[in-house]
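Undergrad: Dropping a prediction and its sequence here:
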Amino acid sequence: MHVAVYVPLLLCLPAPLGARPLAERCEPRLATWLLTASALVLGAASTVSLGLLAATGLLRVPQLAALGHWSAHTAQRDAPAELSVALIAGLLLGGALVTAARMLWRRARTLASAAVDAACMPTRDGLVVVDDEVPDAFAVPGLPGRVVVSTGMLDRLDRSERAVLLAHERAHLSGHHYAFVALAQLGASANPLLRPLAAAVTYTIERWADEDAAARTGDRGRVARTVGKAALAQHSRPAPPRPAGAALGILGFLGRRGPLASAGPVPRRVAALLAPPLDRHRILATTTAAVLVAATLATAEATRDLHLLLETVGVS
């Protein structure tokens, strides 16, 4: 436990550096899975590590030892960390649990509200057309979900471009992309170091939907033009607030980093569509899997060592 308990915490330090390579070089569907799993596993592993360190601090408290009839002296001798480290871990653990619980509650309420909104929307084949001159398009998750498109957006696109837009938004629903975003954000809420991973997921689901639309329409160039055209249309007239739980639409999100940072991720998506499809990039996938396995094994080993420590100090 002296080493294993720190491994998940240390692995979270370089993890954000892998977010951009995974998002840009790996096939979008696989990148989304890897980034989401990384945020969840590392977030959970680091939280467990904080809990284990905090537990060693509790074992040293003489009053608790007297109540539980264990040896505080033995705990002080065999504990893997100083008391100050255990106290800091306890504070960080409390913050992580509170933040994760609040995020989970808000996300659950948002998705429930979205499901109600979707059920109340009059629709034909899952498509809701809103009479609004402001160009907008987005997906609302539900049972089933809905694709909402304004007349302003439809008027700016020709027939084939409308098919691309609808294929993109339906890909969000069929791929349950809102779930990937929610899970990645849950892991990042437990550990702020993992926020770049969650942010990358919001980009890769857009790339995933782009590629799905390209596969359905058979024209990557037209999908690229539609993405750019829809972005320009909405940029000219900002869209109104969307219903709670609306999935990320065809415009993605605005970023401020990278070589194309001045225009956000839309130019990156267009460039990716105009280039050949990405492969699975086995090196990145294998490295990511190795990191997750290492974090999981280290957490299991640290938990086992704590169990042995409890037996040593006499906790029944």
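TA: Yep, it's here. Just so it is clear, the model here is predicted, and its values are computed rather than measured.
Undergrad: what about the helix or strand containing Gly94, distance to the chain center?
TA: Element membership for Gly94 (DSSP states H and E) is helix 83-120. Taking Cα atoms, centre = their mean, to the nearest Å, one finds the center of helix 83-120 at 13 Å from the center of the full chain.
Undergrad: Mind listing what's buried along it?
TA: Using 16 or more other Cβ atoms under 10 Å as the test for burial, helix 83-120 gives 85-86, 88-90, 92-93, 96, 99-100, 103, 107, 110-111, 114-115, 117-118. (Each C-beta comes from the backbone N, C-alpha and C, glycine too.)
Undergrad: swap in stretch 294-306?
TA: Buried residues in stretch 294-306 (16+ other Cβ under 10 Å): 295, 298-299, 302-303, 305-306.
Undergrad: Wait, Arg216 touches Ala167, no?
TA: Yes. Assessed by Cβ atoms under 8 Å, Arg216 is found in contact with Ala167 at 4.6 Å.
Undergrad: Tell me which of the two has more neighbours.
TA: Taking neighbours as other Cβ atoms under 10 Å, Arg216 and Ala167 compare with Ala167 leading, 21 against 16.
Undergrad: Next, that one: secondary structure please.
TA: helix (DSSP: H, G, I helix; E, B strand; the rest coil).
Undergrad: Residue numbering should commence at 863 henceforth.
TA: Will do, 863 is the new start, and the previous item becomes Ala1029.
Undergrad: That one: what's it in contact with?
TA: For Ala1029, the contact set (Cβ atoms under 8 Å, 6 or more residues apart in numbering) comprises 1074-1075, 1078-1079.
Undergrad: and if you look at Val1009?
TA: Contact analysis of Val1009 by Cβ under 8 Å, 6+ apart lists 988-990, 999-1002, 1028, 1031-1032, 1035.
Undergrad: and Thr1079, what does it touch?
TA: Contact partners of Thr1079, counting by Cβ under 8 Å, 6+ apart, are 1022, 1025-1026, 1029, 1085.
Undergrad: Filter those residues down to just the buried residues.
TA: 1025-1026, 1029, 1085.
Undergrad: So, low pLDDT: which residues of this protein?
TA: The model of the chain has pLDDT under 70 over residues 863-864, 920-943, 1098-1126, 1169, 1171-1178.
Undergrad: My read is that Asp1167 contacts Val865, right?
TA: No. With contact defined as Cβ under 8 Å, Asp1167 does not count as touching Val865 (9.5 Å).
Undergrad: And the residue nearest the centre of the chain, how far from Arg969?
TA: Nearest to the geometric centre of the chain sits Ala1046, at 2.1 Å (Cα atoms, centre = their mean). Distance, Ala1046 to Arg969, using Cβ to Cβ, to the nearest Å: 11 Å.
Undergrad: That concludes my questions; thank you for your assistance.
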